[in-house]
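[1] Below are the sequence and a predicted model; questions follow.
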Amino acid sequence: DPKIIQKPKYLVAVTGSEKILICEQYLGHNAMYWYRQSAKKPLEFMFSYSYQKLMDNQTASSRFQPQSSKKNHLDLQITALKPDDSATYFCASSQERDWGNEQYFGPGTRLTVL
Amino acid sequence: GDQVEQSPSALSLHEGTGSALRCNFTTTMRAVQWFRKNSRGSLINLFYLASGTKENGRLKSAFDSKERYSTLHIRDAQLEDSGTYFCAAENSGYNKLTFGKGTVLLVSP
């Protein structure tokens, strides 16, 4: 059974619209993360949460807003979508946020903005 | 600049042979993870190292924080080893992974 679920797997949106990417982890972890992989670029760290609190934000744009309604959920709301937002978005989790804690990744949501 | 330089970018192996992937770091890293992306795009955890070496079956990884590199050795390659391999390292103390660009491995009969 998958331990980190991301929904949807594929998402197509029009420029200017808003979408929410869903992430749920069933590993009992206390830290969750979002990463993004754009075409021809390495995965890039976006956010980290620990015990449902935002800890790190390396995303310049406020159009990206994580939302944690439950301890094992970390959704990503993206507003005013742009074609440059097209990427695969990966959710990850680890037992704790400190170094020394291995991260596990979900299967990703591939977002295409037209 | 890039903190994680992964090489080679692509690698072809015949079944039964082996090779090594390498990540060089431009700064001191606390830990490194190695992943393989499978055909469905999922990242499969291979190793987590804060120092030293680890071995799992036909894979072996090493991490030298002082010398700023990590390696992943594959021996007796099998067709199912084909995929894209990534290293990712952490230097902030707060688990913000920096990824390499990946190595595309193709194992052929």
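    All right, it came through fine. Please read all numbers here as calculations on a predicted model, not as lab measurements.

[2] Assign a three-state SS to the most centrally placed residue in chain A, would you?
    Closest residue to the average C-alpha location of chain A: A:Trp34 at 3.3 Å, with CA atoms, centre = their mean. Here A:Trp34 is recorded as strand under DSSP: H, G, I helix; E, B strand; the rest coil.

[3] Wait, it touches A:Cys91, no?
    Yes - under the criterion of CB atoms under 8 Å, A:Trp34 makes contact with A:Cys91 at 5.9 Å. Bear in mind the C-beta positions are built from the backbone N, C-alpha and C, glycine included.

[4] which residues do the two both contact?
    A:23, A:74, A:76 (CB atoms under 8 Å, 6 or more residues apart in numbering or on different chains).

[5] Quick check: which ranges of chain B have low pLDDT?
    B:1-2 (pLDDT under 70).

[6] For chain B, see how far away the residue nearest to the centre of chain A is.
    For A:Trp34, the distance to chain B (CB to the nearest CB, to the nearest Å) stands at 11 Å.

[7] contacting residues for that residue?
    A:23, A:46-47, A:66, A:74, A:76, A:89-92.

[8] Which ones among the residues you listed lie within helices?
    Per DSSP state H, helices hold no members of these.

[9] Of these, just the buried ones, ChimeraX syntax please.
    Remark: buried members of the contacts of A:Trp34, expressed as a ChimeraX selection using 16 or more other CB atoms under 10 Å in any protein chain shown:
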select /A:23,46,47,66,74,76,89,90,91,92
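
[10] Among the contacts of A:Trp34, which one lies nearest to chain B?
    A:Phe90 (7.1 Å; CB to the nearest CB).

[11] I figured that closest one hits A:Tyr35, correct?
    Yes - using CB under 8 Å, A:Phe90 is in contact with A:Tyr35, at 4.5 Å.

[12] what sits in contact with each of those two?
    A:43, A:105.

[13] helices or strands next to whichever helix or strand A:Leu54 is part of in the packing?
    Element membership for A:Leu54, per DSSP states H and E: strand A:53-57. Helices and strands touching strand A:53-57, by 3 or more CB pairs under 8 Å, 6 or more residues apart in numbering or on different chains; DSSP states H and E, are strand A:44-50.

[14] what comes into contact with the strand it packs on?
    Contacts for strand A:44-50 (CB under 8 Å, 6+ apart): A:30-38, A:54-59, A:64, A:66, A:68, A:74, A:76, A:96-97, B:94-99.

[15] now swap in stretch A:62-75 and tell me
    Contacts for stretch A:62-75 (CB under 8 Å, 6+ apart): A:20-26, A:28-30, A:32-34, A:46-47, A:49, A:51-52, A:54, A:76-81, A:85, A:91.

[16] wait, B:Phe35 sits on B:Gly83?
    No - using CB under 8 Å as the test, B:Phe35 is too far from B:Gly83 to be in contact (9.6 Å).
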